[in-house]
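> Would you be able to build a 3D model of this:
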Amino acid sequence: MAKLHKIELYLIDHNDKYSSLDNIVVDIENATDLDVNCFNTKEVEIEWDDDIDINFSSKCTVENFRKYFK
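Numbers count the residues shown, from 1 in each chain. Below is the predicted model:
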């Protein structure tokens, strides 16, 4: 039996390691036994600093991430 999970996921590439979402998907698939299909994807560049609101996962809400995609 297989399970299908729908998730909304925000990934932060702190060190600008990945040139595209496809590169991230390849790494995830190679590191796990998962197949990843992405739809309606968006990408934005942001100025990163240690005090940015999305750097604190325990205090971060989905609205903190969504505001960068408006």
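> how about the helices in the protein?
21-31, 62-66 (DSSP state H).
> From the chain's centroid, how far away is the longest one?
A distance of 12 Å separates the C-alpha centroid of helix 21-31 from that of its chain, computed with C-alpha atoms, centre = their mean, to the nearest Å.
> again with the shortest one
Relative to the centre of its chain, helix 62-66 is centred 12 Å away, using C-alpha atoms, centre = their mean.
> which residues touch residue 63?
By C-beta atoms under 8 Å, 6 or more residues apart in numbering, residue 63 lies in contact with nothing. C-beta: built from backbone N, CA, C; applies to glycine.
> Distance check, the residue lying closest to residue 52 once chain neighbours are set aside against residue 38.
Leaving aside its sequence neighbours, residue 52 sits nearest to residue 46 (C-beta to C-beta, 6 or more residues apart in numbering; 7.5 Å). For residue 46, the distance to residue 38 (C-beta to C-beta, to the nearest Å) stands at 20 Å.
> can you check residue 29 too?
Residue 29 is 11 Å from residue 38, by C-beta to C-beta.
> Can you get me a residue count around residue 30?
Counted with other C-beta atoms under 10 Å, residues neighbouring residue 30 total 7.
> go on, residue 51?
For residue 51, using other C-beta under 10 Å, the count is 7.
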